[in-house]
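3D model of this:
(one chain, ligands or ions: 2)
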Amino acid sequence: MTGTSDELLTVAVEVVRAAAELARDLREQGVSGVATKSTATDVVTAADKATERYVRDLLRERRPGDTVLGEESGQSTGTGGVRWILDPIDGTVNYLYGLPQYAVSLAAERDGEVVAGAVRNVASGEEWTATRGGGAHRAGRKLRGSAVTELGQTLVATGFGYAAARRAHQARVVAQLLPVVRDIRRLGSAALDLCFAAEGRVDAYFEKGLNLWDHAAGGLVAAEAGLLVTGLAGAPPGPDLLLAAPPGIHRALHDALVAFDAAGGP
Ligand code: IPD
Ligand code: CA
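Numbering: from 1, shown residues only. Ligands and ions are numbered 1, 2, ... in the order given. Reported below is the predicted structural model:
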């Protein structure tokens, strides 16, 4: 079973809405089952796991045979050419503290290329969607990134990893960037950072150390809004670095990030 990008997006939107409703209901009941993963500040909650299980069940019903890669339980092996890439809750620390900036993120990859994606802010109900070649949308509006062309006017979102040594390097990069841009935002959800950049709520976004589930859906939203979604020095976006910036500022921000060694460090 393959399906057109529009068909895959329809499934992604249905599933993300149902999953966001579950995550919201669970948050109202209080946070439970908090455990740590890679470091003492990298948390997972019962809601991350329950939401992932629910999405897997919904996808199994609607798309039997597809592969699913999810943050909390890894990759299941399917038979078709479609792989779903899931972050059940992106922004788990915000979820833990009740900060209304966390999302369910689901992308569909066909033959190795992300072709549809949906990101839904659980707390606000805002929802971003995109299909490859079909544009990015929120609330029926086609999205376009910001028109900024000066680094000094650029509002840059970023994020930090969970390991102390990586954070120390990221802090050095931000210390060099902060004096040459308008300001920095650390909102706590890579998926939402990418959707915000797609909409021009921030001008650009970069981060080192992302996993595929953090950026698969949001990266398509940003690209379809006209942003360049790249790595540094010709590399594709990936764990070393992801930069999403509109064409008017991509080169200047890219060169600053190279100069500040944003893809370096542990
Ligand atoms: C994290 C968030 C955060 C980013 C981290 C991610 P999680 O995902 O997207 O904004 O800075 O790199 O790991 O742990 O909340 O799913
Ligand atoms: Ca997550």
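
Please count neighbours and contacts with C-alpha atoms only from this point.
OK.

how about the spatially most central residue of the chain, what does it touch?
For the chain, Ala191 is the residue whose C-alpha lies nearest the centre (Cα atoms, centre = their mean; 2.2 Å). When contacts are counted by Cα atoms under 8 Å, 6 or more residues apart in numbering, Ala191 touches Asp90, Ala103, Ser105, Val119, Asp214, His215, Ala217, Gly218, Gly219.

how about the residues of the protein that lie near ligand 1?
By Cα under 6 Å from any ligand atom, the part of the chain that sits against ligand 1 consists of 89-93, 159-161, 188-190, 210, 214.

that older thread, of the contacts of Ala191, which is the most crowded?
Of all the contacts of Ala191, the highest neighbour tally under other Cα atoms under 10 Å goes to Ala217, namely 35 neighbours.

Doesn't that one belong to a helix?
Yes: counting by DSSP: H, G, I helix; E, B strand; the rest coil, Ala217 is part of a helix.

Any idea how many residues pack against Gly231?
21.

Looks like Ile89 contacts Pro100 (just checking).
No: using Cα atoms under 8 Å, Ile89 makes no contact with Pro100, being 12.0 Å away.

ok, the two, which is more surrounded?
A count of neighbours by other Cα under 10 Å puts Ile89 above the other of Ile89 and Pro100, at 31 against 13.

how much space between the more buried one and Arg132?
23 Å (Cα to Cα, to the nearest Å).

ok, back up a step: would you say the residue nearest to the centre of the chain is within a helix?
Yes: checked against three-state DSSP, Ala191 lies within a helix.

Regarding Glu14, which helix or strand does it belong to?
For Glu14, the host element (DSSP states H and E) is helix 5-29.

Now do the closest residue to Ala123 other than its chain neighbours against Thr4, distance only.
Among residues not flanking Ala123 along the chain, Pro100 sits closest, at 5.1 Å (Cα to Cα, 6 or more residues apart in numbering). Going from Pro100 to Thr4 by Cα to Cα gives 33 Å.

Identify the residue spatially nearest to the residue nearest to the centre of the chain, adjacent ones excluded.
Nearest one to Ala191, counting by Cα to Cα, 6+ apart, is Gly218 at 4.9 Å.

The one you found reaches Ala197, doesn't it?
No: applying Cα under 8 Å as the test, Gly218 and Ala197 come out as separate, 9.5 Å apart.

show me where the stretch 1-150 of the chain has strands.
35-36, 43-44, 67-70, 74-76, 82-90, 103-110, 113-121, 127-131, 135-138, 141-142 (DSSP state E, counting those that start in this stretch).

Of all the ones you listed, which one comes closest to ligand 2?
strand 82-90 (4.0 Å; Cα to the ion).

quick one: that closest one to strand 113-121, angle?
30 degrees (axes from the mean of the first three to the mean of the last three Cα atoms, to 10 degrees).

hmm, strand 82-90 touching ligand 2?
Yes: looking at strand 82-90 against ligand 2 by Cα under 5 Å from the ion, the contacts come from Ile89, Asp90.

Name the strands paired with that strand and say parallel or antiparallel.
Here strand 82-90 has these sheet partners by DSSP bridges: strand 67-70 (parallel), strand 103-110 (antiparallel).

Contact partners for Glu109?
Taking Cα under 8 Å, 6+ apart as the test, what Glu109 contacts is Val82, Arg83, Trp84, Ile85, Val115, Ala116.
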